[in-house]
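Visitor: make a model of this:
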Amino acid sequence: MLIHRWQRHPALPHPVALAIGNFDGVHRGHQAILHTLAAEAAADNLTTALLSFFPHPKSLVSAEPPALLTPLRDRAHWLAQCGLQHWLLLSFTHALMRKEPEDFIREYLLPLRLRFLLVGDDFRFGFRGRGDFVLLTRFAAQAGFRLQALPTVQADDARISSSRIRAALAAHDIARARDLLGHDVTFTGKVRHGAGRGHELSTPTANVHLPANWCLPDGVYVVQVAITPDDALHWGVANIGTTPTFGGRQRKLEVHLLDHGAALYGTTLRVHIRHFLRSTRRFADAAALQAQIRQDIADTRFFIQQEQQHG
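Guide: All right, here's what the predicted structure looks like:
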């Protein structure tokens, strides 16, 4: 998959089958759109593309950045897994936010040599959400592209949405979030040097800095880790938070791999969240923390054993 930071119209090699949306999480609803897009593109020899806004539009209208299921690198991974060929990241500015939907279509969609457009059945766009499927239908007839609205995908009689998945994660229901996503919750980042406390506590960790707006709550989790893109997954236990026992401020992910002892500094890890163990808390001293870490590792091994028995 090729990623285009849109500063001018990207020169794509073929006419386009396009979807529009931020696709945070690339959940089962998004996957249905992408699979339909790929089928329609294959039928007419079109290039598949997704148009997303960056940063998220809510960043311009709110003092706080929106909580994200998937930062860009992880979203790119899951989009590529769905077979998407081109991801167009359009800079979202105040000028773009005020653009009328008709102008948005003329200036951004039609120059892509648009031949097929697929949107969700609740899709709105343009200034104050004035653009809708009716307006797109009119332009489709004029410009000669096919248009389709895909019904939302449901689970348990409710729409699958990014907000619903964030609510499951807030309740520590990792299994429910994975079911709605259709894949693991992941975070990909580069291993940085830490304070060395993991070695002092006999549990060396790989440290990855986290954005403040990644929506997974602080806590201790069972994880699986891919050290290279094609590597097998290694089991581990990870702490997500600011290390309150030592007065830390930087939110980070510290992962201890159970059966992998190689140095990981400078490598890029993709961490798969599998199970919530406990919330973070401040311990009286390093000895108390070390005792809890031993218990976390034991609980992790028990979870792995249960997974293998039912796998």
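Visitor: show me where the chain has helices.
Guide: Along the chain, counting by DSSP state H, helices occupy 28-44, 58-61, 72-81, 94-97, 101-104, 133-143, 162-170, 174-181, 197-200, 286-310.
Visitor: nearest to residue 114, of those?
Guide: For the helices of the chain, the distance to residue 114 is smallest for helix 133-143, at 7.2 Å, taking C-beta to C-beta. No exception for glycine: its C-beta is placed from N, CA and C like everyone else's.
Visitor: ok now the closest one, how far from the chain's centre?
Guide: How far helix 133-143 lies from its chain's middle: 31 Å, per C-alpha atoms, centre = their mean, to the nearest Å.
Visitor: cool, and stretch 295-311?
Guide: Remark: stretch 295-311 is offset 26 Å from the chain centroid, using C-alpha atoms, centre = their mean.
Visitor: could you list the buried residues of that stretch?
Guide: Neighbour counts over stretch 295-311 (16 or more other C-beta atoms under 10 Å) mark 296-297, 299-300, 303-304 as buried.
Visitor: do the same with stretch 183-191
Guide: Going by neighbour count (16+ other C-beta under 10 Å), the buried part of stretch 183-191 is 183-189, 191.
Visitor: ok, now stretch 157-171?
Guide: For stretch 157-171, the neighbour count (16+ other C-beta under 10 Å) marks 160-162, 164-166, 168-169 as buried.
Visitor: could you do stretch 94-104 as well?
Guide: For stretch 94-104, using 16+ other C-beta under 10 Å, the buried residues are 96, 99, 101, 104.
Visitor: now pLDDT too, for the residues you listed, in JSON lines please.
Guide: Output for those, formatted as JSON lines (pLDDT from 0 to 100):
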{"residue": "96", "pLDDT": "87"}
{"residue": "99", "pLDDT": "91"}
{"residue": "101", "pLDDT": "93"}
{"residue": "104", "pLDDT": "92"}
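Visitor: among the residues you listed, which two are most distant?
Guide: So, the buried residues of stretch 94-104 by C-beta to C-beta: farthest apart are 96 and 101, at 11.7 Å.
Visitor: this completes my enquiry, with thanks.
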